[in-house]
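*Asks:* below is the structure, and that's it, no one-letter string:
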């Protein structure tokens, strides 16, 4: 998700932690502030979250720096639906690791899929310093300028496959296994006054900053999760001896629920019987960045127990600084991978560098490189899938995610889909969410031709490529049956036996969301959304 000014919650701290499925740039500790996780905006605005006017041009040069987030929203007016969820999911399985024309892999389609939830964070936007009451719909206010501080939780899962080495700017969890991490994104701005976190601290942790912790077997974080104290070596480097590692095609149970000490994640691999957990508590090293605007230079961690923000889940239970409209949601994040086929003149990708300026993007397009061809790795560096590619953001909308490379039942060429049940809630996780919605943020990432700040004119559901034509494909959700396990949601192309709700048309119409701005309300056309009157795919109990 992205901030309204930052385009969305975890924009490129997903990439800060995981490029494709690789971790943050493995620069020297000097480049990371002596081992701290200096925010990558200081290095390149490729890693900045998107921002909205009037500050975006001055802050980030008006660059498009986001990614697409097609999502399913889950709604219920019953108390408990906003702070307690259970999901069942089936991890996908990739084709053989020998690349051939038309063959695709999960890491090319999504660098991470995640389950989301709105969280209390009283040092965060919209109104830092205002107390947020956990698990309470009292946080729904009519004046968004004075909404309590909020964060957004993304329980993320990272695919194996193509492995950027440290020379390429990242390290992976595994070339063959999945791993997972708890992310909680905050946004350091007072949206009534326009004040943001002081420049000194923002350079170190970012205005949009993230608590991050791998899901470990013991529930003990590898390193400090909070953005002030986190380190590349401890916090962001996976350790297979400590972290829960999962295999392709494993069936998982995921519980997300509040406790006295903070939100807890509990994952059980129903195939291998492995377990992992994490509690977002101050005792575990989670914390907020103290909101200290200029001229202060303070950059302090405030230990904090992160709790869910709302009691229920509805269109009114949203994070007021985020581009999306939702609370409880599922998202197979996409739009990060583009090929780099190498240079016709023979130039090679430089370690941690760009695709050569005269390189072709891929056999499907044969168009010249976009300026998004950054953070690239040569396929010969890979441990498993020999694919040369770039894992920044695919601004040209012509990489694997925008072709018919998604799951479609052809397992020789394409991966099987990620299969996710609708969540359940309640004391014993037996209550169903009564409605669902489909939402996608393509207007947020489309660029200057989309007038999302005024009327929505020029915005398109399927984004236009850098050649000015609609992307060849855009993924959508279908319901599919999983043996005796019941109904599951799957993202991709048409799937055998699936109900696709009209394909890409399922996302509905563009709509305006209100945002606080300097004491007033401003509307943005960041998303397309449709809300169904029921849940056509309830979980099997």
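*Replies:* Okay, I see it. Predicted model only: the values in this text are computed from it and were never measured.
*Asks:* drop to CA atoms for contacts and neighbour counts, all remaining ones
*Replies:* Fine.
*Asks:* now do the helices in the stretch 301-450 of the chain.
*Replies:* Assigned by DSSP state H, counting those that start in this stretch, the stretch 301-450 of the chain shows helices spanning 442-445.
*Asks:* how about the stretch 1-150 of the chain?
*Replies:* For the stretch 1-150 of the chain, the helices defined by DSSP H, counting those that start in this stretch occupy 12-17, 56-60, 106-109.
*Asks:* any idea how far the last one is from the middle of the chain?
*Replies:* Centre-to-centre, helix 106-109 and its host chain are 14 Å apart (CA atoms, centre = their mean, to the nearest Å).
*Asks:* neighbouring contacts of that helix?
*Replies:* Contact with helix 106-109 is made by 20-21, 92, 94, 159-162, 334-338, 400-401, 405-406, 415, as judged by CA atoms under 8 Å, 6 or more residues apart in numbering.
*Asks:* narrow those to those in strands?
*Replies:* Residues of the contacts of helix 106-109 located in strands (DSSP state E): residue 338.
*Asks:* my read: residue 135 touches residue 117, true?
*Replies:* No - applying CA atoms under 8 Å, one finds residue 135 not in contact with residue 117, separated by 11.3 Å.
*Asks:* those two: which is more packed in?
*Replies:* For residue 135 and residue 117, the more surrounded residue by other CA atoms under 10 Å is residue 117, and the numbers stand at 28 against 23.
*Asks:* that older thread, who touches both of residue 135 and residue 117?
*Replies:* Jointly contacting residue 135 and residue 117 under the rule CA under 8 Å, 6+ apart are 82, 83, 308.
*Asks:* where does pLDDT dip in the stretch 201-350 of the chain?
*Replies:* By pLDDT under 70, the low-scoring segments of the stretch 201-350 of the chain are 341-350.
*Asks:* now the stretch 51-200 of the chain
*Replies:* 51-67, 162-172.
*Asks:* now with 50?
*Replies:* 51-65, 164-171 (pLDDT under 50).
*Asks:* what are the boundaries of the strands in it?
*Replies:* Using DSSP state E, counting those that start in this stretch, the strands assigned to the stretch 51-200 of the chain run over residues 71-75, 84-90, 112-120, 150-158, 179-187, 189-190, 195-196.
*Asks:* which one of these lies nearest to residue 487?
*Replies:* Evaluated over those, closeness to residue 487 peaks at strand 84-90, with 10.2 Å, by CA to CA.
*Asks:* now do the closest one: distance to the chain's middle.
*Replies:* So, by CA atoms, centre = their mean, the centroid of strand 84-90 is 18 Å from its chain's centroid.
*Asks:* what angle do strand 112-120 and it make with each other?
*Replies:* Counting by axes from the mean of the first three to the mean of the last three CA atoms, to 10 degrees, strand 84-90 lies at 180 degrees to strand 112-120.
*Asks:* what packs against strand 84-90?
*Replies:* Here strand 84-90 touches strand 251-259, strand 419-420, strand 424-425, going by 3 or more CA pairs under 8 Å, 6 or more residues apart in numbering; DSSP states H and E.
*Asks:* contacting residues around residue 327?
*Replies:* Counted by CA under 8 Å, 6+ apart, residue 327 has contacts 73, 82, 116, 117, 118, 313, 314, 315, 317, 318, 319.
*Asks:* need the buried ones from those selected in ChimeraX.
*Replies:* To isolate the buried ones among the contacts of residue 327 in ChimeraX, judged by 16 or more other CA atoms under 10 Å, type:
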select :73,82,116,117,118,313,314,317,318,319
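*Asks:* nearest to residue 175 among the contacts of residue 327?
*Replies:* For the contacts of residue 327, the closest approach to residue 175 (CA to CA) belongs to residue 116, at 25.9 Å.
*Asks:* how near is the closest residue to that closest one other than its chain neighbours to residue 265?
*Replies:* Nearest residue to residue 116, sequence neighbours excluded (CA to CA, 6 or more residues apart in numbering): residue 154, at 4.6 Å. Relative to residue 265, residue 154 is positioned 11 Å away (criterion: CA to CA, to the nearest Å).
*Asks:* ok, now residue 499?
*Replies:* 31 Å.
*Asks:* please apply the same query to residue 386.
*Replies:* If you go by CA to CA, the gap between residue 386 and residue 265 works out to 34 Å.
*Asks:* more neighbours, the two?
*Replies:* A count of neighbours by other CA under 10 Å puts residue 265 above the other of residue 386 and residue 265, at 22 against 17.
*Asks:* what packs against whichever helix or strand the more buried one is part of?
*Replies:* Assigned by DSSP states H and E, residue 265 belongs to strand 262-269. Strand 262-269 sits against strand 251-259, strand 275-279, with contacts defined as 3+ CA pairs under 8 Å, 6+ apart.
*Asks:* name the helices or strands packed onto the shortest one?
*Replies:* Spelled out, it's strand 275-279. Looks like strand 275-279 contacts strand 262-269 (3+ CA pairs under 8 Å, 6+ apart).
*Asks:* who's in contact with the strand it packs on?
*Replies:* With contact meaning CA under 8 Å, 6+ apart, strand 262-269 is reached by 182, 246, 250-258, 274-281, 305-308.
*Asks:* and for stretch 297-305?
*Replies:* By CA under 8 Å, 6+ apart, stretch 297-305 touches 198-201, 226-229, 261-263, 280-283, 285-290, 292.
*Asks:* likewise for stretch 416-434?
*Replies:* Stretch 416-434 is contacted by residues 74-76, 80-81, 84-94, 406-409, 487-492, 534-535, 537-539, 541 when judged by CA under 8 Å, 6+ apart.
*Asks:* now, of the residues you listed, which are buried?
*Replies:* Applying 16+ other CA under 10 Å to those flags 74-76, 80-81, 84-94, 406-409, 487-492, 535, 537-539 as buried.
*Asks:* related to what we said a few turns ago, quick one, which of the strands of the stretch 51-200 of the chain gets closest to residue 530.
*Replies:* Nearest of the strands of the stretch 51-200 of the chain (CA to CA): strand 71-75, 9.7 Å.
*Asks:* elements contacting the closest one?
*Replies:* Strand 71-75 sits against strand 329-333, strand 435-440, with contacts defined as 3+ CA pairs under 8 Å, 6+ apart.
*Asks:* CSV for the ones you listed, including distance to residue 449 and mean neighbour count?
*Replies:* Shown next, in CSV, are the helices and strands packed on strand 71-75 (distance: least, CA to CA, whole Å; neighbours: other CA atoms under 10 Å):
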stretch, distance to residue 449, mean neighbour count
strand 329-333, 23, 24
strand 435-440, 18, 23
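*Asks:* using JSON lines, please lay out those strands together with distance to residue 242.
*Replies:* Listed next are the helices and strands packed on strand 71-75 as JSON lines, based on distance: least, CA to CA, whole Å:
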{"stretch": "strand 329-333", "distance to residue 242": "26"}
{"stretch": "strand 435-440", "distance to residue 242": "35"}
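*Asks:* out of those, nearest to residue 527?
*Replies:* strand 435-440 (5.5 Å).
*Asks:* neighbouring strands for the closest one, and are they parallel or not?
*Replies:* Using DSSP bridges, the strands paired with strand 435-440 in its sheet are strand 71-75 (antiparallel), strand 520-531 (antiparallel).
*Asks:* so which residues of the stretch 351-500 of the chain form strands?
*Replies:* Residue ranges of the strands in the stretch 351-500 of the chain, as given by DSSP E, counting those that start in this stretch, are 376-377, 389-390, 419-420, 424-425, 431-432, 435-440, 476-481, 487-492.
*Asks:* quick one: mean pLDDT for the third one?
*Replies:* Meaning strand 419-420. For strand 419-420, the mean pLDDT works out to 98.
*Asks:* tell me which of the strands paired with strand 435-440 sits most buried.
*Replies:* Each of those was scored by mean neighbour count; the highest is strand 71-75, a mean of 26, by mean count of other CA atoms under 10 Å.
*Asks:* just to revisit the earlier point, tabulate the helices and strands packed on strand 262-269 in TSV, adding columns for mean neighbour count and distance to residue 175.
*Replies:* Shown next, in TSV, are those (neighbours: other CA atoms under 10 Å; distance: least, CA to CA, whole Å):
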stretch	mean neighbour count	distance to residue 175
strand 251-259	20	19
strand 275-279	24	20
